[in-house]
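Asker: No sequence on hand, only this structure:
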């Protein structure tokens, strides 16, 4: 990839502004690591050729780009509006109904028939990302909900509905989600994001649905509901990764609480060694303008300094005027933020607590040893991606090269901070592991004979779920040993 050398991963949403081969190539060259497909705005029929296009371009460029399918989830929406939009006036009354009807200033349809069971007098109902705010006055025997308009404005068709500080009794997967789930399995997508997670049971439900289809696609839990924070530890331990979806989260809590929630979620993910994506409005101004605001640059940098693995673009790369520039800008900001602590300009990210399990302890030790010997790189041989992830969460200053025997594992590491996946043959013993490590460090990093490598792996080799071996090797010693073996 071109552009600045950064370790934070970039997730870019692909849409009309970015779905051509030419733009995809430029996005990858500018620093895109993961392509996000938003199933809220995309059908399987449209997504299939796009998946093929992304994989084709990545293969031609010799890189591994993960594909993240983002399930729409149980989103409540308003129906069609008269003439496409209506104007709501503060202080007026409006009725919410599950009946199919064209919306007027007096009555609008919502997509959830059980809405009346999840609200009570006094409940605040937010429409269109909070641009319109209602308060429930009365629930009628018919199930219609009468509200007062607290904040008015224009309301367009099919906008979202949020219930502030209320649990929603919708199932975690909708009919469309199951269709998109089947598509994700058939196309072997690399990640699947679950929207509106309320508890760890939602994640387990999706994992079970995948298992029933013979698949094990890594699940990314989107934290966008306030009640998810009450179960954040269990959610993080249950999923492969987490997305801090700040848009809907800001509707569930006071805006001043969102940065605190973000830092808390990132901290829990780092403690558990789980990749975390920070998302929503990171470069919102670049939808229409060619450079970011100072606040946006600070937002990205601070998320990275807090320890996020990845940062995400939504409309900026999907429908914006400057998708490539947005990715390049994000990469530049990321590289500068990382440089600030790698060079000692700022304190390093906070260390994570010791964990009792063997694999985590070995990952921690590999990082500590690499620092002590000033290693050129940490080389992690992996069958599932677990070994390099256990090192990545410690944010080592040196590169992490992951030796993977399948493209699938290479792509799944596209979300892990600082990990550079490399496709290699399966490890056939310790001596072979050392040879592969020296070869990778020499070819990728230009390592010299005097350089030292910290090698971490799991034995038996090529079996997932084990990280139990650390080997420190000076390249000149490894080359000498190899020559001796050849002579013998």
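Answerer: The structure has been received and is ready for your questions. Predicted model, so just to flag it, every value in this text is computed and none were measured.
Asker: Can you give me the domain boundaries for this protein?
Answerer: Per automatic domain parsing, the structural domains of the chain span 9-73+172-341, 76-163, 358-487.
Asker: what's the average pLDDT for the longest one?
Answerer: Here domain 9-73+172-341 scores 96 as its mean pLDDT.
Asker: gap between it and the chain center?
Answerer: 4 Å (C-alpha atoms, centre = their mean, to the nearest Å).
Asker: do the shortest one as well
Answerer: Mean-position distance between domain 76-163 and its chain equals 32 Å (C-alpha atoms, centre = their mean).
Asker: swap in stretch 154-166?
Answerer: 24 Å.
Asker: what do you get for stretch 426-442?
Answerer: With C-alpha atoms, centre = their mean, you get 31 Å for stretch 426-442.
Asker: Buried ones in it, by neighbour count?
Answerer: The neighbour-count check on stretch 426-442 (16 or more other C-beta atoms under 10 Å) flags 427, 433, 434, 435, 436, 437, 438, 440, 441, 442 as buried. Yep, even glycine has a C-beta here, placed from its N, CA and C like the rest.
Asker: one step back: which among the domains of the chain is found nearest to residue 352?
Answerer: The closest of these to residue 352 is domain 9-73+172-341. By C-beta to C-beta, the value is 5.1 Å.
Asker: Endpoint to endpoint, that closest one covers what distance?
Answerer: Counting by C-alpha to C-alpha, to the nearest Å, you get 17 Å between the two ends of domain 9-73+172-341.
Asker: Which parts of the stretch 1-150 of the chain are strands?
Answerer: 9-13, 34-38, 66-70, 76-77, 85-88, 93-97, 107-109, 124-127, 132-139, 145-151 (DSSP state E, counting those that start in this stretch).
Asker: Quick one, which of those gets closest to residue 326.
Answerer: strand 9-13 (7.8 Å).
Asker: for the closest one, packing partners?
Answerer: Judged by 3 or more C-beta pairs under 8 Å, 6 or more residues apart in numbering; DSSP states H and E, strand 9-13 is in contact with strand 34-38, strand 310-313, helix 315-318, helix 323-342.
Asker: before we move on, the earlier item: residue 371: which of the buried residues of stretch 426-442 is nearest?
Answerer: For the buried residues of stretch 426-442, the nearest to residue 371 is residue 441 (17.0 Å; C-beta to C-beta).
Asker: what about that closest one, helix or strand, and which?
Answerer: Element membership for residue 441, per DSSP states H and E: helix 430-445.
Asker: Can you get me the centre-to-centre distance for that helix and its chain?
Answerer: Going by C-alpha atoms, centre = their mean, the spacing between the C-alpha centre of helix 430-445 and its chain's C-alpha centre is 30 Å.
Asker: Sheet-wise, list the partners of the helix or strand following that helix with their directions.
Answerer: The helix or strand immediately downstream of helix 430-445 is strand 452-457, counting by DSSP H and E. Looking at strand 452-457 with DSSP bridges, its partner strands are strand 377-382 (parallel), strand 469-474 (antiparallel).
Asker: average pLDDT for strand 452-457?
Answerer: Mean predicted confidence for strand 452-457 is 97.
Asker: cool, and stretch 480-488?
Answerer: 68.
Asker: Likewise for stretch 378-389?
Answerer: The average pLDDT within stretch 378-389 is 95.
Asker: Equivalent analysis for stretch 362-373, please.
Answerer: Stretch 362-373 comes out at a mean pLDDT of 95.
Asker: Not counting that stretch itself, show me its contacts.
Answerer: With contact meaning C-beta atoms under 8 Å, 6 or more residues apart in numbering, stretch 362-373 is reached by 273, 354-355, 375, 378, 380, 387, 390-391, 393-394, 396-398, 452, 454, 456, 467-470, 472.
Asker: still on that earlier bit, and which of the buried residues of stretch 426-442 is nearest to residue 41?
Answerer: residue 440 (39.5 Å).
Asker: OK, contacts around the closest one?
Answerer: Residue 440 makes contact with 379, 401, 403, 422, 424 under the criterion C-beta under 8 Å, 6+ apart.
Asker: Kindly report the same for residue 394.
Answerer: Residue 394 neighbours (C-beta under 8 Å, 6+ apart): 351, 352, 363, 364, 367.
Asker: Neighbour-wise, which one of these leads?
Answerer: Taking other C-beta atoms under 10 Å as the neighbour criterion, residue 363 ranks highest of the contacts of residue 394 with 27 neighbours.
Asker: what are the phi and psi angles of that one?
Answerer: Dihedral angles of residue 363 (phi, psi; degrees, to the nearest 10) stand at phi -60, psi -40.
Asker: Please apply the same query to residue 413.
Answerer: phi -90, psi 0.
Asker: Any figure for the gap between the closest residue to it other than its chain neighbours and residue 433?
Answerer: Of all residues not flanking residue 413 in the chain, residue 421 sits nearest, at 4.4 Å (C-beta to C-beta, 6 or more residues apart in numbering). From residue 421 across to residue 433, the span is 16 Å (C-beta to C-beta, to the nearest Å).
Asker: Next, residue 292: secondary structure please.
Answerer: Three-state assignment for residue 292 (DSSP: H, G, I helix; E, B strand; the rest coil): coil.
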